[in-house]
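Enquirer: Next one to model:
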Amino acid sequence: MKRILLTIAYDGTNYSGWQKQKDEAVITVEGELTKALRQLFRNPALECIGASRTDAGVHALGQRAVIDVETSIPAEKIPLAIRSFLPADIVVTKAEEVAEAFHPRFDCVKKTYEYRFWNAPAKNPKERLYSAYVQKPLDVERMNEGAKAFLGTHDFAAFCAAGAQVSTTVRTIFDCHVEKQGESVRILVTGDGFLYNMVRILAGTLLAVGMGRLEPKAVAAIIAGKDRRAAGQTAEPQGLTLLEIFYDEKDLYGAAKN
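Expert: Got it, this is the predicted structure:
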């Protein structure tokens, strides 16, 4: 039995999020991936364990999941082998054998997300599924000033949507900055973990800063106040992409490979 770590990219537009649902009529990324894996390995009981639960409409370039499987297919050949079993908007980009004890969620050390706004006088139809549209010019310098408040370890209760089931709302943000590339404004944020809708609320708050509705220095006060009502609106899902999930090599491969 081998434990295989998959890296998955997907366009989340047509899916009700990553996580497989009890109702099989609800189409999810994990559900489609599981069906494809069962076909490839001819194992109707095969399951995969995902690293992150993205919401409906959210995209990924670096989602991770593991499977336990008996197979003669070399791990590096799995992306090619599974291609014909998957819809065109889901791709396994990498596969590698990892330690038996490795867990994609519990062993994660940090994740990077991108949130994109299309900031122009007119909408771009090619961006409608991958960016949130904002017509009013955004002040990226102000947004970066506000983004500094997120750095470090804080209680992010003000940036957690209702209904989240977590033991703590404390998280550590290693990097948060805003970039402008032409008419695209990108928020890049890396942390040890994120609360339910945390990145989208963070993006909505920095949007308010960029539009002049909120002062950059107010972001720190919102974090300290721990009141969800004080933070910005939850930004639309299509602007969010899970870029990468990071692990320590000792967790990935075990002590024997170090």
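Enquirer: partner residues bridging residue 113?
Expert: Using DSSP bridges, the beta-bridge partners of residue 113 come out as residue 189, residue 242.
Enquirer: Spit out the contact partners of it.
Expert: Contact partners of residue 113, counting by CB atoms under 8 Å, 6 or more residues apart in numbering, are 188, 189, 190, 194, 199, 240, 241, 242, 243. For glycine as for every other residue, the C-beta is placed from the backbone atoms N, C-alpha and C.
Enquirer: Report the secondary structure state of the fifth one.
Expert: Under DSSP: H, G, I helix; E, B strand; the rest coil, the three-state class of residue 199 is helix.
Enquirer: please begin residue numbering at 59 from this point
Expert: Sure, I'll start numbering at 59, so the last one becomes residue 257.
Enquirer: any idea how far it is from residue 193?
Expert: Taking CB to CB, to the nearest Å as the measure, residue 257 and residue 193 are separated by 23 Å.
Enquirer: More neighbours: those two, which one.
Expert: For residue 257 versus residue 193, neighbours defined as other CB atoms under 10 Å are more numerous around residue 257 (25 against 10).
Enquirer: give me every residue that touches that one.
Expert: For residue 257, the residues meeting the contact criterion (CB under 8 Å, 6+ apart) are 171, 173, 247, 298.
Enquirer: which among those end up buried?
Expert: Burial by neighbour count, 16 or more other CB atoms under 10 Å: within the contacts of residue 257 this picks out 171, 173, 247, 298.
Enquirer: Can you report how many residues lie near residue 267?
Expert: Residue 267 is flanked by 25 other residues according to other CB under 10 Å.
Enquirer: How about it: what's its closest non-neighbour residue?
Expert: Spatially, and ignoring its direct neighbours in sequence, residue 267 is nearest to residue 204 (4.1 Å; CB to CB, 6 or more residues apart in numbering).
Enquirer: Include distance to residue 188 and pLDDT when you put the contacts of residue 171 into a markdown table, please.
Expert: Formatted as a markdown table, the entries for those read as follows, by distance: CB to CB, whole Å; pLDDT from 0 to 100:
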| residue | distance to residue 188 | pLDDT |
| --- | --- | --- |
| 246 | 15 | 98 |
| 247 | 17 | 98 |
| 248 | 20 | 98 |
| 252 | 20 | 96 |
| 257 | 15 | 98 |
| 298 | 9 | 98 |
| 299 | 8 | 98 |
| 300 | 13 | 98 |
| 301 | 13 | 98 |
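Enquirer: ok, those residues vs residue 288, which is closest?
Expert: For residue 288, the closest of the contacts of residue 171 turns out to be residue 257, at 17.5 Å, with distances computed as CB to CB.
Enquirer: how far away is that closest one from residue 112?
Expert: Separation of residue 257 from residue 112 (CB to CB) stands at 10 Å.
Enquirer: intersection of neighbour lists for those two?
Expert: Listed contacts common to residue 257 and residue 112 are residue 298; contacts here mean CB under 8 Å, 6+ apart.
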